[in-house]
Each structure stands twice: as C-alpha cells, then as structure tokens.
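In: Fold the following, please.
(4 chains)
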2 protein chains.
Amino acid sequence: MGHDTDAVGYPERMGDRDGYHHGNLKEALIEAARALVADSGVQGLSLRAVARRAGVSQAAPYHHFDSKEALVAELCRRGFETLSQRTCAAMEEATTGPERLVAMARAYVAFARDLPDLFGIMWGGKGLIADKAPYVELTDTATGSFEQLLRVVSEGMAAGELRAGDPLEVALAAWSAVHGVAVLAQDGGFDNPKMQDLGVTPERALEAVLRALLAGVA
Amino acid sequence: MGHDTDAVGYPERMGDRDGYHHGNLKEALIEAARALVADSGVQGLSLRAVARRAGVSQAAPYHHFDSKEALVAELCRRGFETLSQRTCAAMEEATTGPERLVAMARAYVAFARDLPDLFGIMWGGKGLIADKAPYVELTDTATGSFEQLLRVVSEGMAAGELRAGDPLEVALAAWSAVHGVAVLAQDGGFDNPKMQDLGVTPERALEAVLRALLAGVA
DNA sequence: CGGCGGAACTTGACGCCGTTCAGATTCCTG
DNA sequence: CAGGAATCTGAACGGCGTCAAGTTCCGCCG
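Out: Residues are numbered from 1 along each chain as shown, chains lettered A, B, ... in the order given. The predicted structure follows:
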C-alpha cells in the first residue's frame, strides 16, 4: 500500500516524497478524503483522519485549506465534475432528444448508487457544508450540470424531437424528478420493509418518473 | 420563558420541578432539541447543548435515550408525523383526485420551506442517522406518508378522476418528483446566482413538476 | 413509620474532534 | 551562501459523545 502520495503525481519536478515537505499534499489530502469517504462513509470523514491517511500531522491541512469545510467543498466540487462527465458521456451515446434525457437520467441515478456517500455529501443538507454560497467554484460546477441539461432540452426542441415549450420548465421538472429518485434511493427512502412489500425499487421509481416526463414532452 | 419543563406537562402527579428529579425529562429533551435545531440549525444540535437547554447535566439524556442518534431519530419521527398531518389537512380541503395531489405536493414543499433544518435531518443523508433501519417507529411513520399518497391515487383512479393505471407507479413518480423539488429548494440547489439569472425558483420547479405529472395522469 | 431498592440525575473522566500558534525544517530567490 | 517564504510539527484549547461511579429522591414492603 504505502502512502497516498504516489496516487496523484507531483506538480512539476518530482520532489522526493520522504523529505520534510510532502510535495503535493493538497492533492494527497483530497485523495485521502475521497478514499476515506468511500470506505468509511460520511461519519468517518474527519480532518485528523485525512491527515493521518496522508501521513502528515493534524495541522498540516491548514496550509492548504482554510477549514475542513473548504476541503469537503473541493471534494464536493469534484463530485459534481464527475457527475457531469458521466451524464455527458451517457448522453453522447444517444441520438434523439428523448433518448438523451433518459440516458442522462439513468447516469444521474447510477452515480448516486455507485457513490452514495459522495452523493450524500454533495447534497448533504447542512450537515457538512453550512452554506455552499461562499464556494463559488462549487456552485458553478454544480450549476454546470443543470446548464448541460438545459442545452439538451433546448436542442431537442429545436430539432423537433421534443414537443415545443419552455426549455427551462422542462429541464427543471426533469432535474427535480430525477434528483428526487436519486435522493430517495440513496438515503433509504425505499429501503424499508413496507416499501419492499409494495415492490418499490429505485429502478421502478425512475421508470415511473421517466414515463411521466416523457409523456409530457415527447 | 423559564425552563422547558412546563412545556409538556408532567406524566401523572405534577412533581415539583425544582427537585433532584426532573419529572418529564424525556419530553423536555425532545422539545429542547427541536428548539435548538429551529434556531441554531443542524450544526448547533449537540447532545450537551440539548442537556444544557433542558437544565440538566450532560449525562442525563442517557437515561432516556440510548444515544444521540436515538434522540435525533425520535425528533425525526415527529417530523414525519407533522409532515403527514400537514399533507393530510391540505388534502382534505380538496375534493377531486388531481386537486388532492396538488394540495399534498404544495404542503410537502411548504413543510420543507417552513422547517428546513428539520426536513434536512429527516432526509439528511448519513449525516446524523447512519442507518434508519433500526428505528422501526421512524421508518413506519415515514412510510405512512407514502401510503397516504398511494391511497389518494387509488381512490382518485377508482372515482375516475385520475386516468386508470398502476397506482403505485403514479404515487412513486409523484413522490419522487415532489420530493426532488423540496430537497433542491431546501439545500440550496436553486439558491445560486446563475439559477437566479435563469429565473429559477422553487415555486416554478414545483409548477413544472406538477404540470408534467398531471399531464400524464389527469 | 422506617428503611430499602431502584430510577433519575450529577460528577468526572476518556478519547476524538476542529482549530490555533509558536517553532522547526526545508525550499527558493537573489 | 544568506535570508525570506513556504511547509510541516507538537502542543494546546475547548467542545463533543459516551461511560462508570457516586448521589439524591421516590415508592413500596415490612
């Protein structure tokens, strides 16, 4: 295993990682945080644990981040980046407007399922990030995903593949509905006995939502 | 103001509140937690702060709750109870199936707006409650809301006010979509400059979602 | 009425947390 | 090679969740 330092590479000239200086601690901290969340969940994400995992003292992170919240915000921002890449990739494999919307929706929910804890942090209420507003890069990246959706809807309408209407309205409805499925699937809204008895699954919820959306738009 | 002890009443024979024993600490703790969340947010919710607010020592809560998580779970459960009452009340003022669905949706989103922190705890990812499954009363109450929705959909279909179909499918789509709006409205998905520029508001998202849902069902 | 058992509560402690700060170490520039 | 800037350490502060041991009070049995 060894340290995490080699997971990301050094910025320019590869400093010797055994020196007093780490060389690329900022990146190593983010990677350590990501790994920590991935296998210990949100609860296990402490700044001290991140520092331990990166092999530095507990105070070292403060030379690269203003606070724990700032580190989490960056983790979060990268999550939105990944999410955007995934929906983008899924979309490009489809051709018509409705197909693209469906592909993006599936990719969105799949992301929430594959990386539930990261997804939980990204949309984690006021738990870890009291207010996203100060983290401009974070909100910009997050908004980028919505703009991508908005573009797909607009183009679909222009191409006559989606019924003409207000693209913003359609994009908002789609985002809200799909996000709802992802959130419920991720934090246990579907995972209790009664729901199981009813035959409720995230897949079914997604299909139901897609059917409703497409009925109004395709 | 005074202590919180008088907020709920004593169980049987009104004990003098100044004695060594509190008299009705469990209820007082829940009330203190509720108040704390209401005016300090999720971040300010610590077991010690709850105890302080109730005027007891830091260890006192452990005679009434197994852990902080257990207290939060009860808080949470009452949140679902309130939510259910609100959607129920809103529903009863409407007559036809579609009207009832719309009324419930509005009440749901209004709840998230009125009590954002409580709503955040109820659906708070893995932040405060690692796993809801052990808290049976909690999951039961939460599921009750969905069953209520399912009933309304079924009755609407039986009365011919909603297009015939699988009630579960429709209820799932409606819940997911409306929940999505509530979540996005609550944790800042709509509250950034770019979204404002686009003219995005929770109300608009809700209207968009409702239009899509009703189109497929009314 | 006396005292006894147990429930309710307090005190004090442990380890972990986020954060700060003085000082040690190393890198880079001149 | 000198000195300032960047980086990292070690120790500390207060707050947190939790637990063990001690204290106070209540109702019940004799």
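
In: When you work out contacts or count neighbours from here on, use the C-alpha atoms and nothing else.
Out: Noted.

In: Residue A:193 and residue B:142, how far apart?
Out: Distance of residue A:193 to residue B:142, given as CA to CA, to the nearest Å: 12 Å.

In: Settle it for me: which of those two has more neighbours?
Out: residue B:142 (22 against 15; other CA atoms under 10 Å in any protein chain shown).

In: pretty sure the more buried one is touching residue B:77, no?
Out: Yes - with contact defined as CA atoms under 8 Å, residue B:142 counts as touching residue B:77 (7.3 Å).

In: residue ranges for the helices of chain A, please.
Out: Under the criterion DSSP state H, chain A contains helices at A:25-40, A:47-54, A:68-92, A:97-114, A:116-122, A:136-158, A:167-186, A:193-198, A:202-215.

In: Report all helices and strands that the shortest one contacts.
Out: Okay, so that is helix A:193-198. Helix A:193-198 sits against helix B:136-158, with contacts defined as 3 or more CA pairs under 8 Å, 6 or more residues apart in numbering or on different chains; DSSP states H and E.

In: And the helix it packs on, what does it pack against?
Out: helix A:193-198, helix B:68-92, helix B:97-114, helix B:167-186.

In: Show the pLDDT at residue A:24.
Out: For residue A:24, the pLDDT comes out at 91.

In: for residue A:15, that is, sorry about that
Out: The model's pLDDT for residue A:15 equals 37.

In: most tightly surrounded among the helices and strands packed on helix B:136-158?
Out: With neighbours taken as mean count of other CA atoms under 10 Å in any protein chain shown, the helices and strands packed on helix B:136-158 reach their highest mean count in helix B:167-186, at a mean of 26.

In: Return the distance of it from the chain's centre.
Out: 14 Å (CA atoms, centre = their mean, to the nearest Å).

In: likewise stretch A:31-43?
Out: Averaging C-alpha positions (CA atoms, centre = their mean) puts stretch A:31-43 14 Å from its chain's average.

In: list the buried ones in that stretch?
Out: Across stretch A:31-43, burial judged by 16 or more other CA atoms under 10 Å in any protein chain shown covers A:31, A:32, A:33, A:34, A:35, A:36, A:37, A:38, A:41, A:42.

In: Please list which of these also come close to chain B.
Out: With CA under 8 Å from any CA of the partner chain as the criterion, those include A:41, A:42 near chain B.

In: now the buried residues of stretch A:31-43 in TSV, with pLDDT and distance to residue A:104?
Out: As requested, the buried residues of stretch A:31-43 are arranged in TSV below (pLDDT from 0 to 100; distance: CA to CA, whole Å):
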residue	pLDDT	distance to residue A:104
A:31	97	27
A:32	97	29
A:33	98	27
A:34	97	24
A:35	97	26
A:36	97	28
A:37	96	25
A:38	95	23
A:41	92	26
A:42	93	26
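
In: ok, so of the buried residues of stretch A:31-43, who is nearest residue B:51?
Out: residue A:42 (25.5 Å; CA to CA).

In: Quick check: the closest one touching residue B:127?
Out: Yes - counting by CA under 8 Å, residue A:42 does reach residue B:127; the two are 6.6 Å apart.

In: Quick one: residues contacting the closest residue to residue A:206 other than its chain neighbours.
Out: Using CA to CA, 6 or more residues apart in numbering or on different chains and skipping residues adjacent in sequence, the residue nearest residue A:206 is residue A:181, 6.2 Å away. Contacts for residue A:181 (CA atoms under 8 Å, 6 or more residues apart in numbering or on different chains) come out as A:109, A:202, A:205, A:206, B:176, B:177, B:180.

In: which of those residues lies closest to residue A:119?
Out: Of all the contacts of residue A:181, residue A:119 sits closest to residue A:109, with 10.0 Å by CA to CA.

In: got a list of what the closest one touches?
Out: Contacts of residue A:109 by CA under 8 Å, 6+ apart are A:178, A:179, A:181, A:182.

In: DNA strand C: which of those is nearest?
Out: Set against DNA strand C, the nearest of the contacts of residue A:109 by CA to the nearest atom of the strand is residue A:182 (26.7 Å).

In: Could you measure from the closest residue in space to the closest one that isn't next to it in sequence over to residue A:193?
Out: Closest residue to residue A:182 in three dimensions, ignoring its sequence neighbours and counting by CA to CA, 6+ apart: residue A:109, at 4.9 Å. Taking CA to CA as the measure, residue A:109 falls 22 Å from residue A:193.

In: Can you find the helix or strand of chain A with the lowest average pLDDT?
Out: Using mean pLDDT, DSSP states H and E, helix A:193-198 stands out as the lowest-scoring helix or strand of chain A, at a mean of 93.

In: Look at residue A:125 and report its pLDDT.
Out: Per-residue pLDDT puts residue A:125 at 67.

In: For chain A, give me the ranges with low pLDDT.
Out: A:1-20, A:125-126 (pLDDT under 70).

In: Count the neighbours of the nearest residue to residue A:36 once chain neighbours are set aside for me.
Out: Among residues not flanking residue A:36 along the chain, residue A:45 sits closest, at 6.3 Å (CA to CA, 6+ apart). Close neighbours of residue A:45, defined as other CA under 10 Å, add up to 21.
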